[in-house]
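[1] this is the structure alone, sequence omitted:
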């Protein structure tokens, strides 16, 4: 509904109208000419600006562009220059299958790391935990993390998107505080939004009082001076733990109980967490410090990734860490997802909680069955984001018509993010297949080529599949028209959201 300026004097009314008209055109022109934007995103934003001129312009100012500020970008770039070389030639694997080699090469183009052999990587969880008891997997995984922190002698570096002051979160905080008191250098960074309750609570003060160095990442994004032509909802979604430069953790696990009490209606939260040793730990340390140094300005940390000569384990366990976000090249995470999907030759299994793919990812998944690849994808039956749930279901018809097997997991929020290829390669980490992970969030992931690791992840995926409901095309086609209308409308606006 247009604004009514009739109460203004005629001359002033004309001036206001002219200013708004010019501003309207400039906002639309900026949306059209902004680099690194998909055609769908341009079309969606121009539609919003044209259909709701004032509201659309304000929305574009607040949400239309991804920017973390020039000064922050400069700090990050300078930190990368100060860090040691990422050349891992000494740890390069002797042999790699063709499809794996191309994936590692693509991953190396993001952060400059290379595939390294000689690692030992374990999927954490309770060995006898059945599919309907995911809380035991969560507890076992975090018990292992706590035990490693309690054995730390030199350093504990932790980055979480969400840290809750619950049973597990409290135990981890106690372990970190205890490590700091015995002289271990402890550094903790959490997202200022995702962990806002933890930051405001007693545990944050407890950690600081014990001598832990603390950082709230992206805590200035919501300030007024950062709103114009930048998104005020950027998030640091990374989950990284590095202990003594010898052990690293990577996965989808936040620092919280499976009951996840801030969203208890969707509990339990089901996650995957890898414990890594070997040369790949150096890469995880590099990623942590490349986030820590630019924000804190702490000196003398550049040597940390090279402080310890990594112990070597299984030469056949090849892995590579990488990180994506607002400061990496555009479409980096999308490129990795698409490349992994096309690299599958026989079997592709995807588990992801938030599925709002761009066109290239959706088309790659749909093409997989037509290439003869058995393709299965598992979503949570109930999503904690109504918008994401609607957008996800809008893709079911396309997926099913192309031969993709679609499943819904009914026993909680399946929060794990893992893609396995042919029982030989796994991509696992913090990134979802949604627009936030593709374009907005800082994310960290691990690409692993090791049959034992992949077999463990596949076994966990099979647990999810064994209790999930397979969705039939006939059921989707029978959904009422209003439901399909809402789903497709939400999906159409996903480039804006």
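    Everything's here; your move. These numbers come from a predicted model, not from an experiment.

[2] so for residue 281, what's the nearest residue that isn't a sequence neighbour?
    residue 248 (4.3 Å; C-beta to C-beta, 6 or more residues apart in numbering). Where C-beta positions appear, they are placed from N, C-alpha and C, glycine not excepted.

[3] looking at it, that neighbour is touching residue 285, isn't it?
    Yes: if you go by C-beta atoms under 8 Å, residue 248 and residue 285 touch, sitting 7.2 Å apart.

[4] which neighbours do those two have in common?
    Common neighbours of residue 248 and residue 285 (criterion: C-beta atoms under 8 Å, 6 or more residues apart in numbering): residue 242.

[5] looking at those two, which is more packed in?
    Applying other C-beta atoms under 10 Å to residue 248 and residue 285 shows that residue 248 carries more neighbours, namely 29 against 26.

[6] helices or strands up against whichever strand or helix holds that one?
    Taking DSSP states H and E as the definition, residue 248 sits inside strand 247-251. Contact here means 3 or more C-beta pairs under 8 Å, 6 or more residues apart in numbering; DSSP states H and E; on that basis strand 247-251 packs against helix 134-150, strand 240-243, strand 273-277, helix 280-296, strand 425-429, strand 443-449.

[7] quick check: mean pLDDT across the helix or strand just after it?
    Reading on from strand 247-251 to the C-terminus, the next helix or strand found by DSSP H and E is strand 269-270. Across strand 269-270, pLDDT averages out at 93.

[8] and strand 269-270, how far out from the chain's middle?
    In this view, strand 269-270 has its centroid 15 Å away from the chain centroid, taken as C-alpha atoms, centre = their mean, to the nearest Å.

[9] mind listing what it pairs with, with the direction of each?
    Next to strand 269-270 in the sheet, as set by DSSP bridges, lie strand 413-414 (parallel).

[10] ok, residues contacting the strand it pairs with?
    Contacts to strand 413-414, defined as C-beta under 8 Å, 6+ apart, come from residues 260, 263, 266-270, 351, 353, 378-380, 382-384, 464.

[11] buried only: go through those for me.
    For the contacts of strand 413-414, a neighbour count by 16 or more other C-beta atoms under 10 Å gives the buried set as 260, 266-270, 351, 353, 378-380, 383-384, 464.

[12] tell me what the residue nearest to residue 281 is bridged to.
    residue 242, residue 276.

[13] strands of the stretch 351-497 of the chain, start to end?
    Secondary structure of the stretch 351-497 of the chain, counting by DSSP state E, counting those that start in this stretch: strands at 374-380, 405-409, 413-414, 418-421, 425-429, 443-449, 469-470.

[14] what angle sits between the first one and strand 405-409?
    Angular relation of strand 374-380 and strand 405-409 on a 0 to 180 degree scale: 20 degrees, by axes from the mean of the first three to the mean of the last three C-alpha atoms, to 10 degrees.

[15] what lines up beside strand 374-380 in the sheet?
    Assessed with DSSP bridges, strand 374-380 is paired to strand 347-351 (parallel), strand 405-409 (parallel).

[16] likewise the last one?
    Paired with strand 469-470 in the same sheet, following DSSP bridges, are strand 405-409 (antiparallel).

[17] show me what stretch 196-208 is in contact with.
    Outside stretch 196-208, the residues that touch it by C-beta under 8 Å, 6+ apart are 163-165, 169-170, 173, 176-177, 180, 186, 188, 190, 192, 214, 216, 262.

[18] I misspoke; the intended subject was stretch 292-311.
    Contacts for stretch 292-311 (C-beta under 8 Å, 6+ apart): 72, 75-76, 78-79, 82-84, 91, 118, 155, 157, 187, 189, 213, 215, 217, 244-246, 277-279, 281-283, 285-286, 289.

[19] cutoff 7 Å now
    Residues from elsewhere that reach stretch 292-311 (C-beta atoms under 7 Å, 6 or more residues apart in numbering): 72, 75-76, 79, 82-84, 187, 189, 215, 217, 245-246, 277-279, 281-282, 285-286, 289.

[20] pLDDT on it, on average?
    On average, stretch 292-311 scores 85.
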